[in-house]
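Student: Any chance you can model this:
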Amino acid sequence: MDFDVLKDLVQTITRNKIKNIEVLGNPGEEKSRVELMYDGISAGKFKSEEDIARHFFKSDAKDPNYRKLKNKLVRQLVNTAFFVDVNQPAFNDRAKAYFTAYRDFAAAVVFMTRNARKSGVYLLQLVLEQAVKYEFTDLAADVSRMLRREFARSGGDHEKNQYYTGLHRKYEEKRRYDMLALDYHETLVSYYLTKRSPNQEIHQLASDYYNELYPLAEKVDTSAFYNYTYTIGIIKFSSINDIANALQLCDQALSILEPRKNTNRGTLISFKVQKMAFYTQLRLVDSTKVKELLDYCLNILEDGEFGWFRIYEVYFYNCTYSGRYEEALEVYGKVTQSSSFALMDGTH
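Tutor: Presented below is the predicted three-dimensional model:
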């Protein structure tokens, strides 16, 4: 970092502005109503807004004093979100980079609007590096657009302007194709997640989408595009109960996405879970392969989160249809004894 950038930062962030930042846990606020409200909600003491209003104001949720208190807590929670500690097991390198990149992007926008150009450009360049490395396509497109504009107007640096112009065009194209694949995927996903019964109309639509997208996959070459395209392909086959070909597409998707360091973990888990479900549907009794899929997902998921329940649900069915009833009973016991089980939606 050049000294000019450091000086720009210091002059933009004054001590006077720091004093006005409201976050949870500020010194002297331990007994404030905001802190007590936060603790009460966190501990489950309050079950509704009405409970909070009665406790603090002997009124209801329409009380202006309650609404003011609620808004203050919301403001502090949003401010505090920028200081979340990402150095925890739940955050892998990609998750840390995602959080940090978007936080720094927000800061850069603030600096640019405050005419702190050097600080803003410095942060945008750091963000772009992470966005490219971890394939945050939307962010890369937005940041390269801002840098392209900045070097065209402010510094007159033609070489850098041309560099960021090239990146902007590249990532805007990737974003356009990602959005196309996303649009097709979302058109089908309701069927995919709920009905799952044979449907010729869905099969034809998924076939048309897949045939359009698949030839573009190598050119676009983003994890998101591969994810949407292969999921559409899986719907194409599963919608006519052609599970063998659907399973083959699962393997193809994983062979591409697993080696990529920037693939979202949730995407990999989704294909692993789907693969396990297909094993069950085909009555492929290979407990070793199924257990490998389970262990892979459990090494990523935290106990009690939704995905943890989802993988055990699918594994439970596999145990049942494979005649491994004692193991199915163990899974049932483990899941229902989880402290998060009661928090799940009734249908789940």
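Student: drop to CA atoms for contacts and neighbour counts, all remaining ones
Tutor: Will do.
Student: Using the three-state scheme, assign Asp345.
Tutor: With DSSP: H, G, I helix; E, B strand; the rest coil as the basis, Asp345 sits in coil.
Student: scratch that, Phe83 is what I was asking about
Tutor: Phe83 is classified as coil under three-state DSSP.
Student: Would you map the helices across the stretch 51-200 of the chain?
Tutor: 64-81, 93-113, 117-133, 137-153, 158-190, 200-213 (DSSP state H, counting those that start in this stretch).
Student: TSV please, covering these and showing distance to Arg54, mean neighbour count and mean pLDDT.
Tutor: Below are these laid out as TSV (distance: least, CA to CA, whole Å; neighbours: other CA atoms under 10 Å; pLDDT from 0 to 100):
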stretch	distance to Arg54	mean neighbour count	mean pLDDT
helix 64-81	9	16	84
helix 93-113	37	17	90
helix 117-133	46	20	92
helix 137-153	44	20	93
helix 158-190	41	18	94
helix 200-213	52	18	94
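Student: right, and the ones you listed - which one's nearest Phe309?
Tutor: Phe309 lies closest, by CA to CA, to one member of the helices of the stretch 51-200 of the chain: helix 158-190, at 20.2 Å.
Student: could you give the angle of that closest one to helix 200-213?
Tutor: 160 degrees (axes from the mean of the first three to the mean of the last three CA atoms, to 10 degrees).
Student: now the angle between helix 137-153 and helix 158-190, please.
Tutor: Going by the same axes, to 10 degrees, helix 158-190 makes 160 degrees with helix 137-153.
Student: Now stretch 252-260: buried residues?
Tutor: Of the residues in stretch 252-260, Ala253, Leu254, Leu257 count as buried by neighbour count, 16 or more other CA atoms under 10 Å.
Student: And the first one, how close does it get to Glu50?
Tutor: The reference is to Ala253. 49 Å (CA to CA, to the nearest Å).
Student: how about the helices of the stretch 201-348 of the chain, start to end?
Tutor: Using DSSP H, counting those that start in this stretch, helices in the stretch 201-348 of the chain cover 217-220, 223-238, 243-257, 265-281, 287-298, 306-321, 325-336.
Student: how about these, which one is nearest Tyr184?
Tutor: The nearest among those, by CA to CA, is helix 223-238 at 7.9 Å.
Student: and the closest one, which residues are buried?
Tutor: 223-238.
Student: Among the residues you listed, find me the one that's closest to Met344.
Tutor: For those, the nearest to Met344 is Thr231 (26.0 Å; CA to CA).
Student: Contacts only, for that closest one.
Tutor: His185 (CA atoms under 8 Å, 6 or more residues apart in numbering).
Student: switch to numbering from 48
Tutor: Happy to do that; since the first residue is 48 now, the last one works out to Thr278.
Student: Using JSON lines, please lay out the buried residues of stretch 299-307 together with distance to Asn246.
Tutor: JSON lines is the format used below for those (distance: CA to CA, whole Å):
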{"residue": "Ala300", "distance to Asn246": "23"}
{"residue": "Leu301", "distance to Asn246": "26"}
{"residue": "Leu304", "distance to Asn246": "29"}
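Student: Now flag whichever of these is closest to Asn118.
Tutor: Leu304 (42.7 Å).
Student: What pLDDT is listed against that closest one?
Tutor: At Leu304, the pLDDT value in this model is 96.
Student: residues in contact with it?
Tutor: Ser270, Tyr273, Thr310, Leu315.
Student: export these to CSV and tack on distance to Asn246 and pLDDT?
Tutor: As requested, the contacts of Leu304 are exported to CSV (distance: CA to CA, whole Å; pLDDT from 0 to 100):
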residue, distance to Asn246, pLDDT
Ser270, 28, 95
Tyr273, 24, 97
Thr310, 31, 89
Leu315, 26, 94
